[in-house]
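Undergrad: I'll drop the sequence and a predicted model, then ask my questions.
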Amino acid sequence: MKARYLLWPAVLIALCALDLVISEGFSPVGGDVLWKLRVPRMLTAVLAGGSLALAGAQMQALFRNPLADPHIMGVSGGAGLGASIAALAITGSTVTLVSAAFAGAFLTGLLVVWISSRTHSTGTLLLTGVMLGFVFSALSSVLQYSASEEGLKLFYSWMAGSFGSVGSTGLAVMGTTFIVGLIIALSSSKGLDLVLFGDEFASLSGLKLKKMRFRTMLGCALLAGSVTAFCGPVGFVGIVAPHIVRRIEGTSVHGVVMPLSPICGACLSVGADIISRIGRHPLPVGSTMALIGIPLVLVLLWRKRI
Amino acid sequence: MIEVKGLELPYGRVKEVSFSIAPGECILLAGPNGCGKTTLLKALSHMGVLIPSGIPKVKGFTVEEFIRTACYRQSDWAGRHSKVFEEKLEWALELLRIKDLHLRDISCLSDGEFQKAAIAAGLCMGGSLLMLDEPTSFLDVDNRIMVLKTLRDVAEKTGISILFSSHDLHDSLEVCHRVLTFATDGTFFESNRENREEALHRAFPSFNY
């Protein structure tokens, strides 16, 4: 391990500290605000960014597609569908919405995993994910059309994305899925390296491709499902973070990319959280993330290094 | 000695294949497009190591990292290799004279150099039979001849048997010891060291020698 890698956690810690103290101006915050609002919010941002980046890094390798991320396999679409079903059911409670979104995301993940066990082609799998996403967002539009005003309000505030409304139960769930996802990701690293050189070469070299796909997709569904359920469809971290790591470290070897991507993703989401609170009116963090994320993706694309 | 007797192929114009390969032999597998060369190599892949054609030169892997990745079976869960393996890697890099390239990113290598790295990976994977599917496709003349000479060199120096398919008949004929062909009459022809040209002529009637 190179000592340089320690810079990554150092940057993350600095950003987390900044996230805790920053508000309109730098007025000191009381203990209650710090422990009941700021710390959970920061932890949510760290876990969300980390989970999405982890899922993105695995999916980009698995699909050999630089633009793959949890959204592309329809997980967000599935979560959105779940959320709109909950909004239509008008219970008005966040708990229902979150559980429905999680169920939607996870079931979509399982569906994709099931499909992946029946197809040999990575391209087909990718297309299926995209198609599922479209179908789900179409269905949720249909549902929203007939939802009540109250339900819609709840739904849209979930859609906008937020790190601030996750309670301790939510944090515990996100933390657990992150750890499980991390273990799966790290143990898949060497196989994902091999997948980059083509399915044929990978299986000739001894990789059990279907098993590998199944395990990785299951991990991604868990990670993306929990984040999307609690924080809304937060995009771009999953795509961008692994690219930044590959670019800065100058390597695609997953032994390096896999542990560093979640740290980079956490930096991005904590950064977005800081920016979203700088102004007088707090901005929805999903939108801030997209506004930071899109230019980064474009720069990466235009430089043809992606 | 590797012997294949009455191996049945699922499709292609040749239904049944028999041949043998001695240690240290470098053998050309030839036949028209779609005759079943790749199918045959895949069918044999459990007997040795098969390097498929068209492995992408993924950016962000050095030559060493590529070889370590390719040797998937030899590493532990975190992708770490044993000391013995590292020595073998050194040996393979030196044998193929790509020692000075070992830290180069593979996306910066010429196709010929990358093919050498793939051969090195094949050697590190072990086994007494190394098969390569079209190792010379898309290579220019110089690289083609370099790769082909390397193949013969490796076979003679290590005693590993090499079986490769190619459409570059003239260049391949220069380096290979013997030829296996899918003949036009639906038989599988195994040449000896003398009648290599005849073997090619049976598969490609317009082939001049």
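TA: Noted; the coordinates are in hand.
Undergrad: What is the burial count for A:Thr128?
TA: 18 (other Cβ atoms under 10 Å in any protein chain shown). From N, CA and C alone the C-beta is placed, and that goes for glycine too.
Undergrad: Okay, and it sits in which element?
TA: According to DSSP states H and E, A:Thr128 maps onto helix A:122-145.
Undergrad: tell me, what residue is most central in the chain?
TA: Chain wasn't specified; assuming chain A. A:Leu52 (2.4 Å; Cα atoms, centre = their mean).
Undergrad: Wait, chain B was what I had in mind.
TA: Closest-to-mean residue, chain B, Cα atoms, centre = their mean: B:Leu132 / 2.3 Å.
Undergrad: which ones are touching the residue lying closest to that residue once chain neighbours are set aside?
TA: In this structure, B:Leu132 finds its nearest non-sequential neighbour in B:Phe164, 4.2 Å apart by Cβ to Cβ, 6 or more residues apart in numbering or on different chains. Listed by Cβ atoms under 8 Å, 6 or more residues apart in numbering or on different chains, the contact partners of B:Phe164 are B:Cys26, B:Ile27, B:Leu28, B:Leu29, B:Met131, B:Leu132, B:Asp133, B:Glu134, B:Pro135, B:Leu151, B:Ser172, B:Cys176.
Undergrad: quick revisit: not counting the helix holding A:Thr128 itself, show me its contacts.
TA: With Cβ under 8 Å, 6+ apart, helix A:122-145 has contacts from A:62-65, A:68, A:71-74, A:76-78, A:80-81, A:83-85, A:87-88, A:104, A:108, A:111-112, A:115-116, A:119, A:152, A:155, A:199, A:213.
Undergrad: Can you name the residue of the stretch 151-300 of chain A nearest chain B?
TA: A:Ser252 (2.7 Å; Cβ to the nearest Cβ).
Undergrad: ok, the closest residue to that residue other than its chain neighbours - how many residues close by?
TA: Sequence neighbours aside, B:Gly60 is the residue nearest to A:Ser252 in space, at 2.7 Å (criterion: Cβ to Cβ, 6+ apart). By other Cβ under 10 Å, the residues close to B:Gly60 number 20.
Undergrad: Quick one: distance of the helix holding A:Thr128 to the chain centre.
TA: 18 Å (Cα atoms, centre = their mean, to the nearest Å).
Undergrad: C-alpha coordinates for that helix, PDB please?
TA: What follows is helix A:122-145, C-alpha atoms only, in PDB (Å, rounded to 0.1, in the frame of the first residue of the first chain):
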ATOM      1  CA  THR A 122     -23.500  -8.600 -20.600                       C
ATOM      2  CA  GLY A 123     -25.000  -6.300 -23.200                       C
ATOM      3  CA  THR A 124     -28.400  -7.900 -22.900                       C
ATOM      4  CA  LEU A 125     -28.300  -7.500 -19.100                       C
ATOM      5  CA  LEU A 126     -27.400  -3.800 -19.400                       C
ATOM      6  CA  LEU A 127     -30.200  -3.200 -21.900                       C
ATOM      7  CA  THR A 128     -32.700  -5.100 -19.700                       C
ATOM      8  CA  GLY A 129     -31.700  -2.800 -16.800                       C
ATOM      9  CA  VAL A 130     -32.200   0.300 -18.800                       C
ATOM     10  CA  MET A 131     -35.600  -0.900 -20.100                       C
ATOM     11  CA  LEU A 132     -36.800  -1.900 -16.600                       C
ATOM     12  CA  GLY A 133     -35.900   1.600 -15.500                       C
ATOM     13  CA  PHE A 134     -38.000   3.200 -18.200                       C
ATOM     14  CA  VAL A 135     -41.000   0.900 -17.500                       C
ATOM     15  CA  PHE A 136     -40.800   1.700 -13.800                       C
ATOM     16  CA  SER A 137     -40.700   5.400 -14.300                       C
ATOM     17  CA  ALA A 138     -43.600   5.200 -16.700                       C
ATOM     18  CA  LEU A 139     -45.600   3.300 -14.200                       C
ATOM     19  CA  SER A 140     -44.800   5.700 -11.400                       C
ATOM     20  CA  SER A 141     -45.800   8.600 -13.600                       C
ATOM     21  CA  VAL A 142     -49.200   6.900 -14.200                       C
ATOM     22  CA  LEU A 143     -49.600   6.400 -10.400                       C
ATOM     23  CA  GLN A 144     -48.700  10.000  -9.500                       C
ATOM     24  CA  TYR A 145     -51.300  11.200 -11.900                       C
END
